[in-house]
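**Student:** Sequence plus the predicted model coming up.
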Amino acid sequence: MSAHETASRRTTLLAMLALLAMTACWGSTFFLIKDLLDRVPTLDFLAVRFAIATVALVLMAPRALGRLSAESRRHALVLGLVYGVAQILQTAGLAHTAASVSGFITGMYVVLTPLLAALLLRTRISAVTWLAVALATAGLAVLTLQGFAVGYGEALTLVAAVLYALHIVGLGAWSRPREAVGMTIVQIMVITVVCLIATVPDGIVLPSTGRDWLSVVYMAVFAGALAMLGQTWAQAHLPPTRSAIIMSMEPVFAAFFAVLLGSESITVRLLLGGAMVFGAMLVVELAPRRRVIEGEVPHIVV
């Protein structure tokens, strides 16, 4: 194996670990959000969270925006808009459907990502990857579903899942390692603006206790700024479908932290669903890979 191939494999492993760390961080916030939203409206929380994330990133890398090319700035703006609208639709849908159903439908980006990658990027998806997608979807169903009905809330949530999949595909096509920080800042800024536009007309309710502010800051810095940075950098090295399957570990981590730090108990559904999602990740990571399958993604001009 050449030095270049060794370095490439090491970078790919680091990218995979970055996505896993990001999903673990997202999973750790579920029980915090559930508690916080009893006192702070959802959209107000999102606006404050992403505003703090923006400030944190700008302070961390104040010159990153200046190093962005005009093209990357446009791409990041589009990606931030897509993600921000997805957040709003997912939140609106949650008001009209059960949380478990919302979680399953949102997780359908695992299926939608390869479909959109094939349609938009002309990516050829292997049979083994489709097997991993099916296994991850089944695992999500076991983990989250306790009944299902299609209505207004479910429709909104499905549109949000499509937008999340578009965001994953877009990052796979447009993200560049050297511009990851700048692209992350632009995305977070746009998400903040979208959330503010949605909530400002009714006024913004801020956290009222030190404990709530601590939760918001944690979710802004770690599950917001650093998580988006990790995803943006990792997707410069991983194809979209592979990224989506790794990211489907989020509800597994959410269940883990709910048991570890919350009051939930281990159930057969949790163990079985978690094993299926984890198995899907192993399938896509350990299966032999040909370079023509989910290799370099073509460039999309926007």
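**Tutor:** That came through, no problem. For clarity, every value in this text was computed on a predicted model and none was experimentally measured. Numbering: from 1, shown residues only.
**Student:** Please count neighbours and contacts with C-alpha atoms only from this point.
**Tutor:** Noted.
**Student:** same for the host helix or strand of residue 278, what does it pack against?
**Tutor:** Secondary structure from DSSP states H and E places residue 278 in helix 268-286. Helix 268-286 is packed against helix 127-144, helix 240-247, helix 250-261, with contacts defined by 3 or more C-alpha pairs under 8 Å, 6 or more residues apart in numbering; DSSP states H and E.
**Student:** Relative to residue 277, which of the ones you listed is closest?
**Tutor:** helix 127-144 (4.5 Å; C-alpha to C-alpha).
**Student:** Can you dump the C-alpha atoms of the closest one in PDB for me?
**Tutor:** Provided in PDB are the C-alpha atoms of helix 127-144 (Å, rounded to 0.1, in the frame of the first residue of the first chain):
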ATOM      1  CA  ALA A 127     -26.200  -3.500  -3.700                       C
ATOM      2  CA  VAL A 128     -24.400  -3.800  -0.400                       C
ATOM      3  CA  THR A 129     -25.000  -0.100   0.300                       C
ATOM      4  CA  TRP A 130     -28.800  -0.500  -0.500                       C
ATOM      5  CA  LEU A 131     -28.700  -3.500   2.000                       C
ATOM      6  CA  ALA A 132     -27.200  -1.200   4.600                       C
ATOM      7  CA  VAL A 133     -29.800   1.500   3.900                       C
ATOM      8  CA  ALA A 134     -32.700  -1.100   4.300                       C
ATOM      9  CA  LEU A 135     -31.200  -2.400   7.500                       C
ATOM     10  CA  ALA A 136     -30.700   1.100   9.000                       C
ATOM     11  CA  THR A 137     -34.300   2.000   8.100                       C
ATOM     12  CA  ALA A 138     -35.700  -1.200   9.700                       C
ATOM     13  CA  GLY A 139     -33.600  -0.400  12.800                       C
ATOM     14  CA  LEU A 140     -35.000   3.100  13.000                       C
ATOM     15  CA  ALA A 141     -38.500   1.700  12.700                       C
ATOM     16  CA  VAL A 142     -37.900  -0.800  15.600                       C
ATOM     17  CA  LEU A 143     -36.300   2.000  17.700                       C
ATOM     18  CA  THR A 144     -39.000   4.700  17.200                       C
END
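**Student:** any idea how far it is from the chain center?
**Tutor:** Computed by C-alpha atoms, centre = their mean, to the nearest Å, the chain-centroid distance of helix 127-144 equals 17 Å.
**Student:** do stretch 49-57 as well
**Tutor:** 17 Å.
**Student:** for the record, mean pLDDT for it?
**Tutor:** Mean per-residue pLDDT for stretch 49-57: 96.
**Student:** For it, which outside residues touch it?
**Tutor:** 185, 188-189, 191-192, 216-217, 219-221, 224-225 (C-alpha atoms under 8 Å, 6 or more residues apart in numbering).
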